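Trainee: any chance you could fold what I've pasted below:
(2 chains)
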Amino acid sequence: QVQLVQSGAEVKKPGASVKVSCKTSGYAFSAYHVHWMRQAPGQGLEWMGWINPASGGTYFAQEFQGRLTMTRDASINTVYMELSGLQSDDAAVYFCARETLTATRPYDFWGQGTLVSVSS
Amino acid sequence: DIQMTQSPSSLSASVGDRVTITCRASRSIDSEISWYQQTPGKAPKLLVYATYVLHTGVPSRFSGSGHGTDFTLTISSLQPEDFATYYCQQSYNTPRSFGPGTKVEI
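Mentor: Just a heads-up that it's a prediction; the model follows:
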């Protein structure tokens, strides 16, 4: 069955970077884009960007340009999201999700979420 | 960028009630909208995509409608497991913006 399993919670200091992994299984890794979203405590969902696992191509929301990186390792069916220059407002649960190939390309499978805390 | 708004931001309802949530896009997104349900501490779950298509396994009490800028998600008879927060998302272009959510409470 399709699964996306994310790495565990992280605690980071302001200015540091965090790298979250999303290990996929149960489907053809290269065939589906993976998107990343985040959700600050008590807030809604914020879309961050996507990675094409086949090519490594990426697209990021403007507000993350310059400090967001997405990579993949096809040998272990895993994508990574790295956010640098962390500030207190980056504290959130980060989600990866698989984009389907159907009309309007929604997200049919999600990771369980990774809590990133930012504190000095 | 396309902005998505939702109304109401929260609502109180009872089991068996008919509930309608509205989502509005800042410009036309054709039919490129999806709806997600999220319960506390969990990842969102896909309910509806392409405005009205139910995702696999989603009960038929959920339905979607609309086109262009105005969309609705309807729950025909609210069940206990439906108390959650609902988000719309447009996929017409990037960034793939979400609505702010509608919390359905008892």
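
Trainee: so B:Gln79 sits right up against B:Arg61, yeah?
Mentor: Yes. Between B:Gln79 and B:Arg61 there is a contact at 7.1 Å, judged by CB atoms under 8 Å. In short, each C-beta sits where N, CA and C put it, glycine included.

Trainee: higher neighbour count, those two?
Mentor: B:Arg61 (14 against 11; other CB atoms under 10 Å in any protein chain shown).

Trainee: any residues of chain B in contact with chain A? List them.
Mentor: If contacts are counted using CB under 8 Å from any CB of the partner chain, the residues of chain B sitting beside chain A are B:1, B:31-34, B:36, B:38, B:43-46, B:49-51, B:53, B:55, B:87, B:89, B:91, B:94-101.

Trainee: at 10 Å instead, please
Mentor: Of all the residues in chain B, those in contact range of chain A (CB under 10 Å from any CB of the partner chain) are B:1, B:4, B:6, B:29-36, B:38, B:41-51, B:53, B:55-56, B:85, B:87, B:89-92, B:94-101.

Trainee: model confidence for the residue nearest the centre of chain B, exactly?
Mentor: The centre of chain B sits closest to B:Trp35, judged by CA atoms, centre = their mean, with a distance of 3.8 Å. With respect to pLDDT, B:Trp35 scores 98.

Trainee: would you verify that it is located in a strand?
Mentor: Yes. Counting by DSSP: H, G, I helix; E, B strand; the rest coil, one finds B:Trp35 located in a strand.

Trainee: what's across from it in the sheet?
Mentor: B:Val48, B:Cys88 (DSSP bridges).

Trainee: give me the distance between it and B:Ser97.
Mentor: Separation of B:Trp35 from B:Ser97 (CB to CB, to the nearest Å): 14 Å.

Trainee: for A:Glu82, same thing?
Mentor: Between A:Glu82 and B:Ser97 the distance is 23 Å, computed by CB to CB.
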